[in-house]
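Trainee: okay, predicted coordinates and the sequence, questions at the end:
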Amino acid sequence: MNLLSAPGRVAFTIGGLDIYWYAIMITMGLLLAFALVSVLLSKRGIGMDFALELFLWVVILAVIFCRVFYVVPRIGTTYDLTTAEGWAEIFNLRQGGLTIIGGIFGGVLGIICCCLRNKMYSFARTADLVVLAVFVGQIMGRWGNYFNQELYGLEITDESLQFFPFAVFIDATQSWHCALFFYEGVLNFIGLCIGLTMFHYKIDKRKPLMIGIFYLLWYGVVRGSLEFLKMEHATFPGTDVGIVQVICYCVAAICAIIIALYAKGIINFKFLDKYNKAPNPDCTAFYNVDGNCEVIEAEEKE
């Protein structure tokens, strides 16, 4: 191993089973994301029961969809479904193979399922919380990419720029490349800070789903921009225009327009902010009361 490169994929071995750094980073990301959601929910007076159920719904469906979105485009090439071994390889996650775009779809489905089961909670406000956790998961996941020596960009030939974190040494090419995993991790951390600031100022209550839309805007800009630094990316036939870039920038532009219209009050997402109101008209969504009233949201903790 070159001393300039990542220390290797395997962190340690237990009973002949290799434990990968990537798995450790993903696990840490999940735990930190759950801790963040738990703390933020407590700020809104919501207990651990809902936090745990939400976590299970979102994580399980996100992982399934991450894998599906990775495998489906590779059927017939990487995955041969004409053999039993090919089918077994689909379920082998030890070698990686997860796509964040699929995770977004799975996560949204998880939020929907959880809120349908717990109708006293708003889908829009729940989504605002979950995307903050997604930022955390993405940040930790990018360090998993570092240990796997993946998600790197154009080769850096200028020796004055061959240093981390601007560049990273890749064993497979024996050269320095743009450290895209680090760039994206830093940008996601900035996005997380902005999202937490929005939550602190109760944007999720005044403008439900605004933080969720901001996440899509931010991710679209970040992912689309970093595509310029990739060594290879899919392009439209006969052009140099990147397919992923166009999609990301279109999503970001649509989200920017939606945010502007939402901020001006021209549109709203009240239909996504519905929850079961207490049967007693004297009970509101902001006070914890006794009797036959169902508690919707306890008084916010300062």
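Mentor: Received the coordinates, thanks.
Trainee: neighbours of the closest residue to Tyr121 other than its chain neighbours, just the number please.
Mentor: Closest residue to Tyr121 apart from its sequence neighbours, by Cβ to Cβ, 6 or more residues apart in numbering: Cys115 at 5.5 Å. All C-beta spots, glycine's among them, are computed from the backbone N, C-alpha and C. Here the count is done by other Cβ atoms under 10 Å, and Cys115 has 23 residues near it.
Trainee: now for the helix or strand harbouring Cys115, which elements pack on it?
Mentor: Element membership for Cys115, per DSSP states H and E: helix 100-117. When contacts are defined as 3 or more Cβ pairs under 8 Å, 6 or more residues apart in numbering; DSSP states H and E, helix 100-117 packs onto helix 48-71, helix 123-148.
Trainee: mind listing the helices for the chain?
Mentor: Secondary structure of the chain (DSSP state H): helices at 21-43, 48-71, 84-90, 100-117, 123-148, 180-200, 203-206, 210-226, 243-263.
Trainee: so which of these comes closest to Glu232?
Mentor: The closest of the helices of the chain to Glu232 is helix 243-263. By Cβ to Cβ, the value is 11.4 Å.
Trainee: what is that closest one packed up against?
Mentor: helix 210-226.
Trainee: pull the distance from the helix it packs on to the chain's centre.
Mentor: Averaged C-alpha coordinates place helix 210-226 at 11 Å from its chain's average position (Cα atoms, centre = their mean, to the nearest Å).
Trainee: what does it contact?
Mentor: Contact partners of helix 210-226, identified using Cβ atoms under 8 Å, 6 or more residues apart in numbering, comprise 124, 127-128, 130-132, 134-135, 153, 180, 183-184, 187-188, 191, 194-195, 198-199, 203-204, 244-245, 247-253, 255-256, 258-259, 262.
Trainee: for it, what is the average pLDDT?
Mentor: Averaged over helix 210-226, pLDDT sits at 95.
Trainee: i'd like the first residue to be 24 from this point on
Mentor: Got it, the first residue is 24 from now on, which makes the last one we talked about helix 233-249.
Trainee: tabulate the CA atom coordinates of that helix in CSV.
Mentor: C-alpha atoms of helix 233-249 as CSV (Å, rounded to 0.1, in the frame of the first residue of the first chain):
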residue,chain,number,x,y,z
MET,A,233,-39.4,24.1,2.8
ILE,A,234,-36.3,22.3,4.3
GLY,A,235,-37.0,19.2,2.2
ILE,A,236,-37.2,21.3,-1.0
PHE,A,237,-34.0,23.1,0.0
TYR,A,238,-32.3,19.7,0.3
LEU,A,239,-33.2,18.8,-3.3
LEU,A,240,-32.1,22.2,-4.5
TRP,A,241,-28.7,21.9,-2.7
TYR,A,242,-28.1,18.3,-3.7
GLY,A,243,-28.9,19.1,-7.3
VAL,A,244,-26.4,21.9,-7.4
VAL,A,245,-23.7,20.0,-5.6
ARG,A,246,-24.0,16.8,-7.6
GLY,A,247,-24.4,18.5,-10.9
SER,A,248,-21.4,20.7,-10.3
LEU,A,249,-19.1,17.9,-9.2
